[in-house]
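A.B. asks: Whatever this is, show me its structure:
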Amino acid sequence: MKWLTLVAFLMPTALLAQQKIDARIEHVTVFMNGAQVTRMANAVLPVGKSEVILRGLTPSLDPQSVTVKGEGDFTIVSVKTQLNYLEEQHRKDTIVTLENETAQLFKQLEDAQNKLSVLAQEEYILNSNKSQIIGIQNNPNKTDDLKALLDFQKTRLTEVLTQKTEINRAVTKTQQRRNQITQQLSELNVRKNTTTAEVVITVFTKTAVSGRFLMEYIVPNTSWYPIYDLRVQDVNTPMTAQMKGKVRQNSGEDWKEVQLTLSTGEPKRTGIKPELGTWMMGSGGASTYWGRQINVLADFQIQRQATQQNKIAGLIRDDHGQALIGASVLITGTNRGSITDVDGKFNLDINPNDKYLTVQFVGYESQTIPISNNGTFMDVLLKESSVLHGVVVTSTGISRDILRANPSGYLGINASSTTSKLDWSKQATLNVAEKTQSTSTTYDIELPYSVPTDNKEYQVEIKEITLAAFYEYSCAPKLETDVFLTAHLTDWEPYNLPEGEANLYFEGTFLGKSVLQTQSTQDTLKISMGRDKNIVVKRVKQKELTTKKGVFSGKKTESRTYEIVVKNKKKIAISLNIEDQVPIATDKQIEVQYSFSDAPVVDKNTGRLTWKLQLKPLEDKKLQISYSVKHPAEWQVNMD
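C.D. replies: A predicted model of the protein is given here:
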């Protein structure tokens with residue numbers, strides 16, 4: 001009776017209806033580090049309990065981040081994530097196209113080789129007719145036959161050699177194209193039988209219905225950062241700032257025509273305030289010890305994983321203590337396993353008979369370790385290997401050796417390529433919905449984008465704004481005679497600009513790169529716009545004088561005079577700050593005196609001088625600075 005009960009209990013599970021479906025990526029939210037992928041799938045659900053398997057997912061997804069929602073008259077009973085080592089991961093359309101072309105080229109080379117073989121045989125036969133020609137030559141009655149035979153041999157041999165030349169040229173081109181495709185496939189790192197992840201959804205419904213599933217999960221190896229084009233037409237106009245996002249991803253999944261959201265959030269970082277540990281100081285205060293910063297969430301997660309029954313949890317790291325994302329963790333002798341998440345952690349369901357774990361990661365030596373029976377959190381270190389083992393790896397592992405690929409056919413700009421798919425200068429301004437939340441800002445991009453999993457940067461247009469600014473030129477000719485332009489931005493806080501790199505353009509010319517440092521407490525944001533060669537400054541030493549005082553004083557006086565010449569070659573008026581300095585005495589035996597023209601602002605604590613000049617178009621001006629230093633005669637004083 002017990003056996004029958006067991007059979008009855010197992011039958012529903014064994015006969016549970018399954019259907020494997022593909023879930024399309026509809027939306028991706030890219031964080032500063034990591035991304036949240038949203039997929040949609042439709043399925044017709046039979047009566048009763050059944051399983052819907054969403055297949056072909058990247059194995060580097062974080063299993064703990066998977067959430068599934070359903071739309072329809074059914075109930076989601078459970079959701080679990082598993083690896084599929086048998087089903088081939090969907091390869092890129094570009095790879096399939098290249099492989100088909102390779103097969104066609106191979107057939108063309110075979111056909112060409114066959115034709116060359118036939119022509120070679122015919123050439124051999126034609127060249128072997130010498131004995132027949134000699135026989136006709138010795139017969140005076142066969143003159144016409146000789147002429148006809150020679151003409152035929154010459155004509156046909158010419159045709160054969162011409163055909164061979166043409167075929168060889170075609171073969172050369174075909175081989176070149178085949179080599180190019182082979183190199184391209186090598187760059188794409190084509191891997192058949194790639195491990196994939198699946199999400200198994202168990203559902204229950206009283207009647208057959210159509211259901212819709214929305215699934216979300218976090219993937220690593222993705223990021224974006226802001227970059228700006230800052231343009232100034234002249235010093236009488238405001239600044240135009242074009243904000244863009246540089247997006248890259250190597251998650252193992254291609255994003256094809258998806259809705260993108262760029263977020264300044266960092267979900268990988270814990271939101272829990274760290275608590276100080278204990279600061280202990282030894283006897284005499286000679287030694288100190290800093291207690292660690294306690295992370296309550298991390299400690300709780302480790303303790304929870306370690307104490308769960310029938311589970312094993314752990315952390316996989318390299319020789320340097322860095323977490324390995326996407327490492328394969330298998331129960332030895334089985335196909336049950338897991339991969340490490342974005343923090344290098346894993347957890348597995350185990351059976352009483354499971355004794356060992358096999359840990360593998362591409363480029364590292366695999367390890368087989370005993371499973372701890374006391375539920376201790378396992379910390380595993382893998383050593384780098386000089387030999388690339390043939391192990392089952394995840395997309396993250398592959399990315400260590402992946403070569404950059406040509407992203408042709410994908411919407412966006414490849415920053416590392418000499419050509420781009422789109423000319424953004426000819427594109428209409430996109431609508432981007434900007435939302436400011438309590439801890440982050442998001443930018444919803446209207447136009448669908450395609451970003452392949454090739455770890456290259458793709459440019460996304462975000463917004464363009466006009467910033468009120470005033471401009472100042474500055475020069476410290478003692479250090480460098482080039483004049484630098486500084487933009488002072490006011491009222492910039494309402495635009496909520498994240499900090500990022502900036503390309504600087506002034507009067508239509510690219511000046512170089514800078515940083516938009518918006519993490520500032522100042523009301524005015526300063527941006528160095530680079531050098532302006534249309535303002536010339538020179539600093540020339542006028543005279544050098546040394547006089548020695550009386551014998552009894554034992555001191556001497558040294559003097560310097562410099563002339564600073566400034567010329568504004570621009571066709572507009574400018575504001576220019578000229579900075580220089582005089583020495584400051586820090587010893588009572590030293591006396592410093594100075595004088596200058598045009599009354600600069602003097603900082604007596606630092607000796608810094610600042611002339612604030614207003615120069616008209618094409619105007620020039622001369623400034624003078626003189627100083628003398630009286631000091632003990634035996635001292636060697638640096639006067640310049």
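A.B. asks: use CA for all of it now, contacts and neighbours both
C.D. replies: Noted.
A.B. asks: residues contacting the residue nearest to the spatial centre of the chain?
C.D. replies: The centroid of the chain falls nearest to Arg248 when counting by C-alpha atoms, centre = their mean (4.3 Å). Taking C-alpha atoms under 8 Å, 6 or more residues apart in numbering as the criterion, Arg248 is in contact with 222-224, 451, 454-458.
A.B. asks: now swap in Lys622 and tell me
C.D. replies: Contacts were defined as C-alpha under 8 Å, 6+ apart; by that measure Lys622 touches 563-566.
A.B. asks: Quick check: bridge partners of Glu198?
C.D. replies: Under the criterion DSSP bridges, Glu198 forms beta bridges with Gln82.
A.B. asks: Tyr225 too?
C.D. replies: Where Tyr225 sits in a bridge, its partners, by DSSP bridges, are Lys246.
A.B. asks: What residues does it make contact with?
C.D. replies: By C-alpha under 8 Å, 6+ apart, the contact list for Tyr225 reads 32, 245-247, 500.
A.B. asks: ok, now Thr610?
C.D. replies: 577-580, 600-602.
A.B. asks: Return the set of residues that bridge with it.
C.D. replies: When assigned by DSSP bridges, Thr610 has beta-bridge partners Glu579, Val601.
A.B. asks: How about the backbone phi and psi for the nearest residue to Ser474 once chain neighbours are set aside?
C.D. replies: Nearest residue to Ser474, sequence neighbours excluded (C-alpha to C-alpha, 6 or more residues apart in numbering): Asn577, at 4.6 Å. Torsion angles at Asn577 (phi, psi; degrees, to the nearest 10) stand at phi -100, psi 120.
A.B. asks: Give me the number of neighbouring residues for Asn577.
C.D. replies: By other C-alpha atoms under 10 Å, 19 other residues sit near Asn577.
A.B. asks: Let me have the contacts of Thr610 in CSV, adding distance to Leu479 as columns.
C.D. replies: Listed next are those as CSV, based on distance: C-alpha to C-alpha, whole Å:
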residue, distance to Leu479
Asn577, 14
Ile578, 12
Glu579, 10
Asp580, 9
Pro600, 18
Val601, 19
Val602, 18
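A.B. asks: Isn't Trp611 up against Ile578?
C.D. replies: Yes: with contact defined as C-alpha atoms under 8 Å, Trp611 reaches Ile578; the gap is 5.1 Å.
A.B. asks: Would you mind giving the secondary structure of Lys164?
C.D. replies: helix (DSSP: H, G, I helix; E, B strand; the rest coil).
A.B. asks: For it, report the pLDDT, please.
C.D. replies: On pLDDT, Lys164 comes in at 86.
A.B. asks: residue boundaries of the strands in the stretch 351-500 of the chain?
C.D. replies: 356-360, 367-370, 378-381, 432-436, 441-445, 449-451, 458-467, 469-476, 480-489, 500-506 (DSSP state E, counting those that start in this stretch).
A.B. asks: just checking, what packs against the shortest one?
C.D. replies: In this case it means strand 449-451. strand 255-263 (3 or more C-alpha pairs under 8 Å, 6 or more residues apart in numbering; DSSP states H and E).
A.B. asks: Strand partners (parallel or antiparallel) of the strand it packs on?
C.D. replies: Strand 255-263 has these strand partners (DSSP bridges): strand 24-30 (parallel), strand 441-445 (antiparallel), strand 449-451 (antiparallel).
A.B. asks: any idea how far the residue nearest to Ser474 is from Asp111?
C.D. replies: 78 Å (C-alpha to C-alpha, to the nearest Å).
A.B. asks: Just the strands from the stretch 1-150 of the chain, written as ranges.
C.D. replies: For the stretch 1-150 of the chain, the strands defined by DSSP E, counting those that start in this stretch cover 17-21, 24-30, 35-45, 48-57, 67-71, 75-84.
A.B. asks: Which one of those strands lies nearest to Thr240?
C.D. replies: strand 24-30 (25.9 Å; C-alpha to C-alpha).
A.B. asks: Could I get the CA-only coordinates of the closest one as CSV?
C.D. replies: What follows is strand 24-30, C-alpha atoms only, in CSV (Å, rounded to 0.1, in the frame of the first residue of the first chain):
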residue,chain,number,x,y,z
ARG,A,24,11.9,38.5,-26.0
ILE,A,25,13.9,41.2,-24.3
GLU,A,26,11.6,44.3,-24.2
HIS,A,27,13.3,46.7,-21.9
VAL,A,28,16.7,47.1,-20.2
THR,A,29,17.6,49.4,-17.4
VAL,A,30,21.4,50.0,-17.4
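A.B. asks: starting at the chain centroid, how far to it?
C.D. replies: Distance, stretch centre to chain centre, for strand 24-30: 18 Å (C-alpha atoms, centre = their mean, to the nearest Å).
A.B. asks: now do stretch 482-497
C.D. replies: On C-alpha atoms, centre = their mean, the centre of stretch 482-497 falls 27 Å from that of its chain.
A.B. asks: And the contacts of it?
C.D. replies: Taking C-alpha under 8 Å, 6+ apart as the rule, stretch 482-497 contacts 467-475, 518, 523-533, 535-537.
A.B. asks: Let's see that with 7 Å instead.
C.D. replies: Contacts to stretch 482-497, defined as C-alpha atoms under 7 Å, 6 or more residues apart in numbering, come from residues 467-475, 518, 523-532, 535, 537.
A.B. asks: Likewise for stretch 558-571?
C.D. replies: With contacts defined as C-alpha under 7 Å, 6+ apart, stretch 558-571 is touched by 534-547, 615, 617-630.
A.B. asks: Same question for stretch 35-52.
C.D. replies: Contacts for stretch 35-52 (C-alpha under 7 Å, 6+ apart): 16-20, 22-30, 200-220, 222.
A.B. asks: Just the buried ones among those residues, please.
C.D. replies: 17-18, 23-30, 200-205, 212-220, 222 (16 or more other C-alpha atoms under 10 Å).
A.B. asks: Pick out the most distant pair among the contacts of Tyr225.
C.D. replies: Val247 and Gly500 (13.5 Å).
A.B. asks: how about the helices of the stretch 201-350 of the chain, start to end?
C.D. replies: Listed in chain order, the helices of the stretch 201-350 of the chain (DSSP state H, counting those that start in this stretch) span residues 296-307.
A.B. asks: So which residues of it form strands?
C.D. replies: 209-219, 222-232, 239-249, 255-263, 279-281, 288-290, 311-317, 328-331, 337-339, 345-349.
A.B. asks: Turn these into a markdown table, including mean pLDDT and distance to Arg178.
C.D. replies: Listed next are the strands of the stretch 201-350 of the chain as a markdown table, based on pLDDT from 0 to 100; distance: least, C-alpha to C-alpha, whole Å:
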| stretch | mean pLDDT | distance to Arg178 |
| --- | --- | --- |
| strand 209-219 | 93 | 35 |
| strand 222-232 | 90 | 33 |
| strand 239-249 | 91 | 29 |
| strand 255-263 | 94 | 27 |
| strand 279-281 | 61 | 67 |
| strand 288-290 | 45 | 62 |
| strand 311-317 | 84 | 41 |
| strand 328-331 | 86 | 35 |
| strand 337-339 | 79 | 37 |
| strand 345-349 | 82 | 43 |
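A.B. asks: so which of these is the most packed in?
C.D. replies: strand 337-339 (a mean of 25; mean count of other C-alpha atoms under 10 Å).
A.B. asks: quick one: contacts of that one?
C.D. replies: Contacting residues not belonging to strand 337-339 are listed as 326-331, 346, 348 [C-alpha under 7 Å, 6+ apart].
A.B. asks: Quick check: the farthest pair among those?
C.D. replies: Gly326 and Ile331 (15.9 Å).
A.B. asks: May I see the PyMOL selection of the buried members of the contacts of Thr610?
C.D. replies: In PyMOL, a selection of the buried entries from the contacts of Thr610 looks like this (16+ other C-alpha under 10 Å):
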select buried, resi 577+578+579+580+600
